[in-house]
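Peer 1: after the sequence you'll find the predicted model.
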Amino acid sequence: MKMKTTIMLPRRFCDMEAVKYVASRYNTTPERVLKKYFIQSGIIRPDDGEEKNYSLTTNEIALFHDLGVQPSSLVIS
């Protein structure tokens with residue numbers, strides 16, 4: 001049985017200029033780049049079909065961490 005994870009994230013994180021900038025570097029959306037951050041940080045596991053065409057740099061991960069980007073809750077069902 002496969003469990004599904006739902007990430008609850010305040011919208012303000014997607015609206016941060018730094019997040020938008022990093023997303024534009026990878027030609028993706030702020031939501032997807034934040035999901036990649038959560039995957040690379042070990043907060044969530046990747047989906048089977050997860051995009052593997054890029055990885056965030058150590059500096060980008062540190063930037064998001066320093067900005068306080070974290071889910072407000074995780075729902076696993």
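Peer 2: Yep, it's here.

Peer 1: give me phi/psi at Met8?
Peer 2: Taking degrees, to the nearest 10, you get phi -100, psi 120 for the backbone angles of Met8.

Peer 1: same thing with Ile44?
Peer 2: phi -130, psi 160.

Peer 1: doesn't Thr6 make contact with it?
Peer 2: No: with contacts counted by Cβ atoms under 8 Å, Ile44 stays clear of Thr6, the gap being 9.8 Å. Heads up, the C-betas are built off the backbone N, CA and C, glycines and all.

Peer 1: give me the more crowded residue out of those two.
Peer 2: Ile44 (17 against 11; other Cβ atoms under 10 Å).

Peer 1: host element of the residue nearest to the more buried one when sequence neighbours are not counted?
Peer 2: What sits nearest to Ile44 in space, not counting adjacent residues and going by Cβ to Cβ, 6 or more residues apart in numbering, is Phe38, at 4.8 Å. In this assignment (DSSP states H and E), Phe38 forms part of helix 30-40.

Peer 1: rounded mean pLDDT for the strand or helix carrying Ile61, please.
Peer 2: Secondary structure from DSSP H and E places Ile61 in helix 58-66. For helix 58-66, the per-residue pLDDT values average out at 94.

Peer 1: just the buried residues of it, please?
Peer 2: The neighbour-count check on helix 58-66 (16 or more other Cβ atoms under 10 Å) flags Glu60, Ile61, Leu63, Phe64 as buried.

Peer 1: for those residues, which one is nearest Glu17?
Peer 2: Leu63 (11.4 Å; Cβ to Cβ).

Peer 1: mind listing what the closest one touches?
Peer 2: Leu63 makes contact with Ala18, Val22 under the criterion Cβ atoms under 8 Å, 6 or more residues apart in numbering.

Peer 1: could you rerun that using 6 Å?
Peer 2: Counting by Cβ atoms under 6 Å, 6 or more residues apart in numbering, Leu63 touches Ala18.

Peer 1: cheers, nothing more for now.
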